[in-house]
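Colleague: generate a structure from the sequence data that follows.
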Amino acid sequence: MWFSLLSDRLLAGGCIRPSTAVKGLKLGFVAPQRLFVALTLVLSGLVLEPFAWLQSFVWGRRLQTCVLPDDPIIVIGHWRSGTTYLHQLLAADPSAATARNALTIAPQIALLLKPLLYPLLKQWMTVQRPIDAVLWGPDDPQEDEVGLARLTMDTNMAGIAFPQNYPGNFRRCVLNTTREFEHCLLSFTRLTWLHEGVGKHHLVIKNSAHSARIPLLLNLFPRARFVFLKREPMNSIRSLVQVKQRLAQLVGLQAAPSACRQVEETVTAHTQLMQAFEQSRHLIPEGQLVEIAYEDLVQSPLETVMRIYSALNIRGWSKVHDVIASRIASGKSYRAQPVVLEPEAEQHLQALLS
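Modeller: Next up, the predicted model:
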């Protein structure tokens, strides 16, 4: 059990670069009962730092000169709206490059130690994600915010590490962006392309926080193509509250807020994220945005992915139809865990959204 917990903790938030950890400690206090968690996250990154310097030396020039596709497919929408499932299906295309667990766990060394990371992760990764029991492995796609959190504290994961100030970090890192974050996003995307892009012809990025970063993304990728997932707010908020509580236990450096407070903060953040997207939607050129309902994705996944390929002019549907159909079939045995909040928190959620 302790080894599984350690594995999940490292995958979710370990291997942080020392410079990132130092900046993080300026954001808030570490609760005494969470000191062991903090040491795990920080020391794992400290051990890897010499390899990070070596990777910078060996790969530095290629990273600086790496030419990225200017038309990535970017999956956005509020957390728990089907973004992970859609990311898995799009990433099943052999022509798609995307960030995967073997990269996001430690992007600062993932290029240098790629031949070692895959077999190591296969040995010690748990079979299921700790937040929702979704099956996962080293090759499974991962949200780029998780990898970015190793390189900068200007991500949504700062609010997960310091859950007592989630709203402040959400405003600082999601509703606004810094120059450091922009630099790290570009660097991480180059790492993704070098890690995955050989022989591939398109890039897939999944990040719910990017829903509020449309101007930044279009500045970096003028022809970016967006898939926006929509789900009934009550369900996605309820599910995210549960996930945030679990992540606070796994990698939080402070005690988790009460369930009622978590509901209130998550409802507010949901509204702010959706407003930010709507305010910048008009910046997306015609033909570069498709909206997908959660229910359509779950009930008719193959038809929904085909619609995305057609709407965004993604090449090769006839060649990947069977591959994606096979990926859908392999996941049919999965049954989502029921999301149940404490009665008082559920009542609060109902009242806020009524």
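Colleague: next helix or strand past the one helix or strand R261 maps to?
Modeller: Assigned by DSSP states H and E, R261 belongs to helix 259-280. Next helix or strand after helix 259-280 toward the C-terminus (DSSP H and E): strand 289-293.
Colleague: going by neighbour count, which residues of that next one are buried?
Modeller: L289, V290, I292 (16 or more other C-beta atoms under 10 Å). The C-beta positions use only the backbone N, C-alpha and C, and glycine is treated the same way.
Colleague: tell me how far the helix holding R261 lies from the chain's centre.
Modeller: On the basis of C-alpha atoms, centre = their mean, to the nearest Å, helix 259-280 sits 17 Å off its chain's mean C-alpha point.
Colleague: let me know the average pLDDT across that helix.
Modeller: Across helix 259-280, pLDDT averages out at 98.
Colleague: what of stretch 344-354?
Modeller: Average pLDDT, stretch 344-354: 95.
Colleague: tell me which residues in it are buried?
Modeller: For stretch 344-354, a neighbour-count test (16+ other C-beta under 10 Å) marks A345, E346, H348, L349, L352 as buried.
Colleague: so who does the second one touch?
Modeller: Think E346. Counting by C-beta atoms under 8 Å, 6 or more residues apart in numbering, E346 touches R238, V340.
Colleague: same question, the third one
Modeller: The contact partners of H348, taken as C-beta under 8 Å, 6+ apart, are C260, V263, E264.
Colleague: turn these into JSON lines, including distance to R231 and neighbour count.
Modeller: Formatted as JSON lines, the contacts of H348 follow (distance: C-beta to C-beta, whole Å; neighbours: other C-beta atoms under 10 Å):
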{"residue": "C260", "distance to R231": "22", "neighbour count": "17"}
{"residue": "V263", "distance to R231": "17", "neighbour count": "27"}
{"residue": "E264", "distance to R231": "20", "neighbour count": "18"}
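Colleague: need those residues in TSV with distance to S4, can you?
Modeller: Shown next, in TSV, are the contacts of H348 (distance: C-beta to C-beta, whole Å):
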residue	distance to S4
C260	30
V263	29
E264	32
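Colleague: what is the nearest of the residues you listed to L112?
Modeller: Of all the contacts of H348, L112 sits closest to V263, with 43.0 Å by C-beta to C-beta.
Colleague: contact partners for the closest one?
Modeller: Neighbouring residues of V263 by C-beta under 8 Å, 6+ apart: I237, V241, L341, A345, H348, L349, L352.
Colleague: need the max-distance pair from those residues.
Modeller: L341 and L352 (12.4 Å).
Colleague: who's in contact with the most centrally placed residue in the chain?
Modeller: The geometric centre of the chain, computed from its C-alpha atoms, lies nearest to E143 (C-alpha atoms, centre = their mean), at 2.3 Å. E143 is in contact with T83, T84, H87, A99, T104, K206, N207, S208, counting by C-beta under 8 Å, 6+ apart.
Colleague: most surrounded residue in those?
Modeller: A99 (31 neighbours; other C-beta atoms under 10 Å).
Colleague: ranges for the strands of the protein?
Modeller: 73-76, 96-98, 202-206, 225-230, 289-293 (DSSP state E).
Colleague: sketch out the low-pLDDT regions of the stretch 201-350 of the chain for me.
Modeller: Along the stretch 201-350 of the chain, no part satisfies pLDDT under 70.
Colleague: recalculate using a threshold of 80.
Modeller: 333-337 (pLDDT under 80).
Colleague: do you know how far L353 is from L86?
Modeller: Distance from L353 to L86, counting by C-beta to C-beta, to the nearest Å: 24 Å.
Colleague: for G60, grab the count of nearby residues.
Modeller: Counted with other C-beta under 10 Å, G60 comes out at 10.
Colleague: oh sorry, the question was meant for L273
Modeller: If you count neighbours by other C-beta under 10 Å, L273 ends up with 22.
Colleague: contact partners for the closest residue to L103 other than its chain neighbours?
Modeller: With C-beta to C-beta, 6 or more residues apart in numbering as the criterion, L103 has its nearest non-adjacent residue at 4.6 Å, and that residue is A110. Each residue near A110 by C-beta under 8 Å, 6+ apart is listed here: A102, L103, L117, L191, H195.
Colleague: of the contacts of E143, closest to W53?
Modeller: Relative to W53, the closest of the contacts of E143 is T104; by C-beta to C-beta it sits at 20.0 Å.
Colleague: which pLDDT value goes with that closest one?
Modeller: You'll see T104 listed with a pLDDT of 97.
Colleague: how near is it to L121?
Modeller: Distance of T104 to L121, given as C-beta to C-beta: 11 Å.
Colleague: equivalent analysis for N219, please.
Modeller: Distance, N219 to L121, by C-beta to C-beta: 34 Å.
Colleague: of those two, which one has the most company?
Modeller: Neighbour tally, N219 and L121, criterion other C-beta under 10 Å: the higher count belongs to L121, 19 against 12.
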